[in-house]
Each structure stands twice: as structure tokens, then as C-alpha cells.
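Trainee: my questions are about this predicted structure, shown below with the sequence.
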Amino acid sequence: MSFREKNRHVGIVGIGETRFSSHREDVNQPEMIREAVKDALDDAGLTMDDIDCVVHGNMELFEMVHQPDLWHTLGTGARGKDAFRLTTGGTTGGTLVGAADNLVASGMYDTVLAIGFEKLQEGHTTGGITNMADPLWARKLQSGALTDSAAVKAIAEFGADRAKRVAMLYRIIMDKHACLNPNSHRAFGLDWDQMEDLMENSPPLIGDLRLIHMCSQSDGACAMILSCEKKAKQQCDHPVWIRDHITVHREETLNLCVNHYPNETTHRFAARHLYERNGITAPLDYFDVFEMYDPSAWWGADWIRDFFLLEGDEHYRLIEEKEIMGGGKMPINPSGGVLAANPIGATAMVRVAEAAKQVRGNAGPHQIPGTVNHAIASSFGGTMWTILMMLEKELNW
Amino acid sequence: MEEEMNVKVSDSLDTMADQELIVLRKTISVDQKFATGPVMGKFLTALKDKRILAIQCPECGRLQSPPREMCAICRVRNREWVEIGPRGEMRMMEYCYYSSPDPLTGESRETPYGAIGILLDGCQKEEVFWHLLRPEHLEMVEMGIVMGDRITRGSRLRPVWAEERSGSIDDIKYFEIDEQAR
């Protein structure tokens, strides 16, 4: 895998998020995007005059509006500016930040605005995802983003009792985080004593994947402003530096039945390469927070092992000992993660945005205790895409 | 007329806050047709004769069914055809309670249904074939699991062919438990 260092450092100088909700009938798409853009510009103390280029993305097949960037120009502020449009499934938000990072690092633009959005209530999410499958065969069989494969694998490896408990414990921890985040779409107020009830009575979707385990369909937008080192230092007292990012995907599309595929998962492959090239030997010690794209509690619980290159049941013990909560060994998703809100084209960007806010120390009520010097955020797309993004508080690597 | 225009123009967003919000409903219906190409076409044509074909990578030897033009891992063109199955062993099942739409028809699928991975005879490891399970057999099948050296055998399955076959996924109605294997 060839890889070259950046031409110049890139810092995050502005972050904007709408609140996330199942109901944003009060605004149309450009109006909703404008909320996030305005929030990011205000956060950075900039105006659209300072933006050189706009990168815009979502999944067109959800709202079935093609080239929505044209309709959205009033909200994105892209009129008269260079602009790009990107879409890579669930990873879209991470791809947008990665692209903006590369555009600034390349020297082409000093300041880039990246915008991810989705209004899932305006389309059919599962129908849209199913249409990603090839129409010659898999489309008939694909069941949207829903899959039981992680549960099957976990139950085979750890036994039904432990695996189901860990998945539900993970779910309740995420809800406790979501309850602290004012932007959450779903924050139920779940408590530990509801474990048994939820394990038995939450409606099943597929196999052992129950409704409570699965992420929501949300409306919302996220915007981030990235600048080159020189500009970032002028524009912002404490830019958050994007140290490196990696994108990995696999040839097979959507064959989720292949749950014992002998190849390394894209998550572990991405993590291994990213850490190797940055000289990080103990990721669990190095990072202070992790914002993970966790589409379901089963996946979230399982993937911790790959992202931190753990073995055996190390990831289960982190969950069982609640080490993934604020103040723990590795706080995961202080925002509540994807289970709290999932406006798909924005979701992966929200992971980076929330990780960056934790580094700045001004995330709000869900800011974790202690200093956050090193953060990592992941993106996930249905065809086994992985993006990992490393953030740093100081320019000292 | 001009006065009326002036009134509208002076409406600020604030004074519009308590107005009725309108949501426009649209339903999209699109006729589509997809070319199969010669490789997928050969596979689909064989289904008409109740035969399931796989294509083999000349380097790593792995079988792919439905077939793909290339082995994307070895980056070489697949050329050799192998007949597999039609019987096999149940591996992975998605036991679907959620009624997702069938994008080929727009209809909601009947639930529950089982989307399954079948290790057809002649295949190994991850070379599973993706199709549906006969709904009546949902509660009766055993899933085969491969966890490193730990292997448990799944139920034996056989295809149930459609009476009229046109070279599509529907030429196989579903797979069912193979009573002869008991």
C-alpha cells in the first residue's frame, strides 16, 4: 500500500451540527444544511468569503434527488465557488472530511468547507440500501442495512448468554452517553436493570438483531471547515489537527453471508496499516477517545477488537468492565454514536466532528473528563468500507 | 395586484412560523432492464436447465457463484467453469422478521423469511451461494458454523426449481431440507 506524507498540515477550525431528529418537516433540505453551515462558520468566526471550496455529500438513493448540490446551493453557500460532490455509502461523511483534508494538504485550497447531510424521512432507507445490491442476483436477497451476521459470529465464539449480554450492555452504555448529548435523536434513558427485559422483548428484526440494537433513521446535517496550518493558526486559537486518515474497502459487495471470510476485516486491515505508518504500537494506550461508526450494538461490540488490534475477548472485557464510558480506559462514543443519531450522509462526519470537539474540550454536557490529546474516528459503509481518521491536539508528531 | 405582492414580500421568516407546513408526497415507479453480460448470462442460462455453475480463478482456485468476470483478489480473468451443487449444506442464515421491500417488485416481502448462505457440494470455505430458504423450514434448519478448527455441520439442503424458468434468480424458488440426506 503506497502512502505519502501530507504536503502541509491541516487543521479543523470550524464544526457545525444540526440537532438530529426523525422529524424535520419544519425545514427543507437546503434550509437544514444551512443550519449546519452557519453553525460551523460561527464556530470558526468566518464567513463564506473565507471559504475557497465546498465539498458536499449524501446518499442520493435515499431521497432520490440527483445532484442535490444544485438545489442546495442556497444552504451550502457554494455559489461561485469551486465545489465537489461525493457519495460513498455510510462512509460518505468520512470521505468528505478525507477529501477536504487532501484538498487542503495538496495546496489547491487553503480553506475547505465539507458538508454531509441526510433527510432519511424523505425517502426509504432500507429500500435505498437494498438498491445498492447488484440487480442481477443480490437485490432480491438483500435486506437493507439489517444483518444478523455479527450476532451469529459472536454467539458462536462466546456463547449466546455472554454475547447477548455484552451487546445489550453496549447498547445501554451508548444510550447513557446519548442522554448527555443535546443533539441526540434517540436518548431513551435506559438503565442497567432493563437488560433482561430488552434482551427478551425488544422486537426482533433479523435473528438476534433486535430493534433496540439497531441505529435510527435520522434527519440532520454536519459541516466542518478545514484550513492549512498557516490559515488555521490565524483563524483559530486551537485547531484540531488531522494527522492521518486511511480508507479501505473490499471487492465483495454486500455478501453478508460470508461471515467467516478468511481475509482480515477491512477494520483490522485499516487499523494495522494506519498505526504502523504512524508508529503507534499500543493504540489502546495512545488514544484518549474513539468515535466509532457503530450501526448496531452487535457490530459496535464486535468491532472494538479490530479497531484496537485486540485478541480473544479483550474487547468484551472492556465493555463488561464499562471501560468504554467517560473516565474509562477507552471512552467510546461519548456522543452516543450512531445508535443515538444516524443521518447517514452526515453520520460519519459527525464521528470526526464529535472526536474533534472532545479534543478541543468543548463538546458540551457529554465532554469526557481529562485532557484529550489523541482521538480516532471511524466510518463504515455497507459494502465493508472502513475509514479511520486520527486527530491530534498538538502539532508535535 | 402590486399591493398584494408587497404584502407577501414583507412576510419575514418570523411571521411565517405559525403557518401550516406542507409536505409533498411523491411515489417513484421506474421501469428498468439490466444487461447480464456473457459471464452472468452463461450462469443464468444454465439455471434454465436446473444446473448451477461457478467460475474458477486460475490462480487461487476459488469458485465464485454467481460468477464474476475476474478474481479481484488475484487480479486475473476467470475462465474455467465448474458445475456445483445443486445440493449443499446450510451455513449462514439471516432470519428476517423485518418486512423490507423487494426492489424487483416494490412489494413488501412476506415475513418471516430466511436469506441463506449454502455451501453447495464442490465448494469450500467462503464459497457460499446466496438464496432463500423454504419458509416452512425456517424453524427446522441447523446453521453450520466454521470457527477456526471448530466446524459444525449444517442441514443438508436441495433446490426447489420453478416450473417455468427464464434465466433469473427466481428459477430457484428456494432451498429446502433434503429429506434424502436424513
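Mentor: That came through fine. Numbering: from 1, shown residues only, chains lettered A, B, ... in the order given.

Trainee: phi, psi of the closest residue to residue B:175 other than its chain neighbours?
Mentor: Nearest non-adjacent residue to residue B:175, counting by Cβ to Cβ, 6 or more residues apart in numbering or on different chains: residue B:157, 4.2 Å away. Backbone N, C-alpha and C define where each C-beta goes, glycine included. Dihedral pair for residue B:157: phi -130, psi 160, per degrees, to the nearest 10.

Trainee: before we move on, what about residue A:328?
Mentor: Main-chain dihedrals, residue A:328, degrees, to the nearest 10: phi -90, psi -180.

Trainee: the closest residue to it other than its chain neighbours: how many residues sit nearby?
Mentor: Distances taken as Cβ to Cβ, 6+ apart place residue A:322 nearest to residue A:328, at 6.2 Å, with adjacent residues excluded. A count of nearby residues for residue A:322, using other Cβ atoms under 10 Å in any protein chain shown, gives 15.

Trainee: so what's the residue nearest to residue B:175 up against?
Mentor: The neighbourhood of residue B:157, defined by Cβ atoms under 8 Å, 6 or more residues apart in numbering or on different chains, consists of B:87-90, B:116, B:118, B:133, B:141, B:175-178.

Trainee: let me know the pLDDT of residue A:103.
Mentor: We note a pLDDT of 98 for residue A:103 in this prediction.

Trainee: tell me where the stretch 1-150 of chain A has helices.
Mentor: A:29-44, A:60-63, A:68-71, A:73-76, A:92-105, A:125-130, A:149-158 (DSSP state H, counting those that start in this stretch).

Trainee: for residue B:95, give me its contacts.
Mentor: A:148, A:206-207, B:112, B:114, B:138.

Trainee: show me what the nearest residue to residue A:50 once chain neighbours are set aside is bridged to.
Mentor: Distances taken as Cβ to Cβ, 6+ apart place residue A:111 nearest to residue A:50, at 5.7 Å, with adjacent residues excluded. Beta bridges link residue A:111 to residue A:227 when assigned by DSSP bridges.

Trainee: got a list of what residue A:111 touches?
Mentor: Going by Cβ under 8 Å, 6+ apart, residue A:111 touches A:13, A:46, A:50-53, A:104, A:225-228, A:231, A:235.

Trainee: which two from these end up farthest apart in space?
Mentor: A:53 and A:235 (15.5 Å; Cβ to Cβ).

Trainee: top helix in the chain by residue count?
Mentor: No chain specified, so I'll use chain A. For chain A, the longest helix by residue count, based on DSSP state H, is helix A:160-178.

Trainee: wait, chain B
Mentor: Every helix in chain B considered (DSSP H), the longest is helix B:37-48.

Trainee: how distant is the following helix or strand past it from the center of its chain?
Mentor: Going down the chain from helix B:37-48, the next helix or strand is strand B:52-56, by DSSP states H and E. Centroid separation between strand B:52-56 and its chain, computed with Cα atoms, centre = their mean, to the nearest Å, is 17 Å.

Trainee: same for strand B:52-56, what does it pack against?
Mentor: helix B:37-48, strand B:63-64, strand B:80-84 (3 or more Cβ pairs under 8 Å, 6 or more residues apart in numbering or on different chains; DSSP states H and E).

Trainee: test my guess that residue B:59 contacts residue B:74.
Mentor: Yes: using Cβ atoms under 8 Å, residue B:59 is in contact with residue B:74, at 4.1 Å.

Trainee: quick check: residues of chain B near chain A?
Mentor: B:21, B:23, B:28, B:32, B:34, B:36, B:40, B:44, B:66, B:72-73, B:91-98, B:100-104, B:115-117, B:125-126, B:128, B:130-132, B:143, B:145-147, B:169-170 (Cβ under 8 Å from any Cβ of the partner chain).

Trainee: which of those are buried?
Mentor: Burial by neighbour count, 16 or more other Cβ atoms under 10 Å in any protein chain shown: within these this picks out B:36, B:40, B:44, B:66, B:91-98, B:100-103, B:115-117, B:126, B:128, B:130-132, B:143, B:145-146, B:169.

Trainee: tell me which of those residues fall in helices.
Mentor: Using DSSP H to define helices, the subset of these located there is B:40, B:44.

Trainee: in strands only, show me the buried ones among the residues of chain B next to chain A.
Mentor: B:91-96, B:115-117, B:130-132, B:145-146 (DSSP state E).

Trainee: how far does stretch A:74-90 stretch from one end to the other?
Mentor: End-to-end span of stretch A:74-90 (Cα to Cα, to the nearest Å): 25 Å.

Trainee: can you give me how far it is from the chain middle?
Mentor: That offset, for stretch A:74-90, works out to 19 Å (Cα atoms, centre = their mean).

Trainee: ok, now stretch A:133-153?
Mentor: 21 Å.

Trainee: flag every buried residue along that stretch.
Mentor: So for stretch A:133-153, counting by 16+ other Cβ under 10 Å, buried means A:133, A:136-153.

Trainee: can you narrow those to ones near chain B?
Mentor: Among the buried residues of stretch A:133-153, chain B is touched by A:136-144, A:146-149, A:152 when using Cβ under 8 Å from any Cβ.

Trainee: okay if I get these as a markdown table plus pLDDT?
Mentor: Below are those laid out as a markdown table (pLDDT from 0 to 100):
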| residue | pLDDT |
| --- | --- |
| A:136 | 88 |
| A:137 | 88 |
| A:138 | 84 |
| A:139 | 83 |
| A:140 | 83 |
| A:141 | 84 |
| A:142 | 79 |
| A:143 | 74 |
| A:144 | 73 |
| A:146 | 83 |
| A:147 | 84 |
| A:148 | 86 |
| A:149 | 85 |
| A:152 | 90 |
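
Trainee: chain neighbours aside, what residue packs nearest to residue 172?
Mentor: All of this is about chain A. Residue A:172 sits nearest to residue A:190 (Cβ to Cβ, 6+ apart), 4.8 Å away.

Trainee: chain B was what I was after
Mentor: residue B:159 (4.8 Å).
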